[in-house]
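no sequence on hand, only this structure:
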């Protein structure tokens, strides 16, 4: 079946919500106004239960079906936070907050889940319960983990969980996913290399941490090239190098930072071990000492086979067989929906956003034409998973 007729009827209304979210972005856990708007709309729809403060600023809404004796609760998740990027779209509804914008489409994700809430509250043509999960702090704050640590799955008796993310330059109306690992783990490197500072004209009296740190940056790259099977995927990126403030002073310390991304947990363990050893040895070779903090942020995003096949079936019912890719390529991006997939069976699926700037780009914008496809997917997933 195509897009649900009722959903098509209120697409423009959902687009108004989406553009309001876009104009008023909020970062990480500070999504107070966004969460308040979500609550007000859920109340208007007649959602049965609304709970706030899950994972600090998350919201969970519960919709009961016309029948509720299946004992099943399906969780549907959307993220609410924006990014610290200055918007350059020039749209009439562009961000009103300087240096903050919805550059990843979380405004669209939230609006789609609200659209599904509106439809499901009206129809209730299912046997069971739907848990609408509006999550803060996906962009580096691990809001998904915070909600789970607050008892999300147990408190609301969630049996399965599903999430969706838009992808630019996949055509509108197309879906994509895959069994198993879909996205990489994301870990943060924070490296301090300490030497002995002094006058730049007298390097013989110093132990230069900049030279040691430069050697460490080069040496770190040998992990991917010489310690990892060429058929496996890992990306190590040093994205920050800071040392000193004066041109005539050799500083006493250099700081490096970056990320490590892997598609395999064993490789992730190896990365932590070997990068620590490599940095330590590079520092020692130049008479310095090193401290490496390897902060494990998000695990790999691993879909469950049965649930991803079910999600694919729902996507095909909306978009047609030719518009659903069930073996989309893995990517090295990360997603904290991974924590929810560790806690419960489920699947993460991509939704086409049409042509345009990529995610995390200052010219990115969610395409409102994608809204009814995502809403219909969520609604049909509930209908088919818990038939009345």
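Noted; the coordinates are in hand. Here the structure is a predicted model, which is why all the values come from computation and not from measurement. Numbers count the residues shown, from 1 in each chain.

hmm, residue 339 and residue 161 touching each other?
No: Residue 161 is not in contact with residue 339 according to Cβ atoms under 8 Å; the separation is 10.2 Å. For every residue, glycine as well, the C-beta is placed using N, CA and C.

more neighbours, the two?
Neighbour count, other Cβ atoms under 10 Å: between residue 161 and residue 339, residue 161 has more, with 26 against 20.

just list whatever residues bridge to the more buried one.
Per DSSP bridges, the residues bridged to residue 161 are residue 75, residue 346.

show me what the longest helix along the chain is packed against.
Counting by DSSP state H, the longest helix found in the chain is helix 265-285. Helix 265-285 is packed against strand 185-194, helix 209-226, strand 234-242, strand 253-262, strand 289-298, with contacts defined by 3 or more Cβ pairs under 8 Å, 6 or more residues apart in numbering; DSSP states H and E.

and those as TSV, adding mean neighbour count and mean pLDDT?
Compiled in TSV, the helices and strands packed on helix 265-285 are given as follows (neighbours: other Cβ atoms under 10 Å; pLDDT from 0 to 100):
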stretch	mean neighbour count	mean pLDDT
strand 185-194	22	98
helix 209-226	18	96
strand 234-242	15	97
strand 253-262	21	98
strand 289-298	16	97
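
with distance to residue 10 added, can I get the ones you listed in TSV?
Shown next, in TSV, are the helices and strands packed on helix 265-285 (distance: least, Cβ to Cβ, whole Å):
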stretch	distance to residue 10
strand 185-194	36
helix 209-226	49
strand 234-242	41
strand 253-262	39
strand 289-298	34
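
ok, which of those comes nearest residue 144?
strand 289-298 (8.3 Å; Cβ to Cβ).

for that closest one, packing partners?
Strand 289-298 packs on strand 185-194, helix 265-285, going by 3+ Cβ pairs under 8 Å, 6+ apart.

to residue 252, which of these lies closest?
strand 185-194 (6.6 Å).

next SSE downstream of that closest one?
The helix or strand immediately downstream of strand 185-194 is strand 198-199, counting by DSSP states H and E.

tell me the spacing between the residue most central in space within the chain and residue 8.
The centre of the chain sits closest to residue 335, judged by Cα atoms, centre = their mean, with a distance of 3.4 Å. Distance, residue 335 to residue 8, using Cβ to Cβ, to the nearest Å: 29 Å.

go on, residue 208?
65 Å.

who's more crowded, the two?
residue 208 (23 against 14).

wait, the more buried one sits on residue 253?
No: using Cβ under 8 Å, residue 208 is not in contact with residue 253; the gap is 10.9 Å.

and the helices and strands packed on helix 265-285: which comes nearest residue 74?
The nearest among the helices and strands packed on helix 265-285, by Cβ to Cβ, is strand 289-298 at 23.1 Å.

tilt between the closest one and helix 209-226?
With axes from the mean of the first three to the mean of the last three Cα atoms, to 10 degrees as the basis, strand 289-298 and helix 209-226 are set at 50 degrees to each other.

wait, the residue nearest to the centre of the chain sits on residue 185?
No: look at residue 335 against residue 185 with Cβ under 8 Å: they stay out of range, at 10.1 Å.

which residues are in contact with both of those two?
Shared contacts of residue 335 and residue 185, defined by Cβ atoms under 8 Å, 6 or more residues apart in numbering, comprise residue 298.

surely residue 255 meets residue 189?
No: the pair residue 255 / residue 189 is not scored as a contact, 10.6 Å apart, by Cβ under 8 Å.

thinking again about what came up before, for the longest helix of the chain, give me every contacting residue.
By Cβ under 8 Å, 6+ apart, helix 265-285 touches 185, 187, 189, 191, 193, 212, 215-216, 219-220, 222-223, 227-228, 232, 234, 236, 260, 262, 289-290, 292, 294, 296, 299-300.

can you give me the helices for the protein?
Along the chain, counting by DSSP H, helices occupy 5-9, 11-23, 32-45, 106-123, 143-149, 152-155, 209-226, 265-285, 305-319, 337-343, 371-385.

can you get me a residue count around the closest residue in space to residue 205 that isn't next to it in sequence?
Counting by Cβ to Cβ, 6 or more residues apart in numbering, residue 205 lies nearest to residue 198, which is 5.0 Å off, once chain neighbours are set aside. When neighbours are defined as other Cβ under 10 Å, residue 198 has 17 of them.

give the contact list for residue 198.
205, 206, 249, 250.

for it, list each beta-bridge partner.
Residue 198 has these beta-bridge partners by DSSP bridges: residue 250.

22 is where my numbering starts, stick with that
New numbering, starting at 22: the last item is residue 219.

residue 181 and residue 97 touch, don't they?
No: between residue 181 and residue 97 there is no contact under Cβ under 8 Å: 9.8 Å.

in terms of neighbours, single out the busier of those two.
residue 97 (28 against 19).

separation between the more buried one and residue 369?
12 Å.

one more: residue 34?
Residue 34 is 27 Å from residue 369, by Cβ to Cβ.

one more: residue 56?
Residue 56 is 22 Å from residue 369, by Cβ to Cβ.

surely residue 226 meets residue 218?
No: judged on Cβ under 8 Å, residue 226 makes no contact with residue 218 at a distance of 9.7 Å.

neighbour-wise, which of these two wins?
residue 218 (18 against 11).

give the contact list for the more buried one.
Listed by Cβ under 8 Å, 6+ apart, the contact set of residue 218 reads 227, 270, 271, 272, 273, 274.

fine by me, we can end here.
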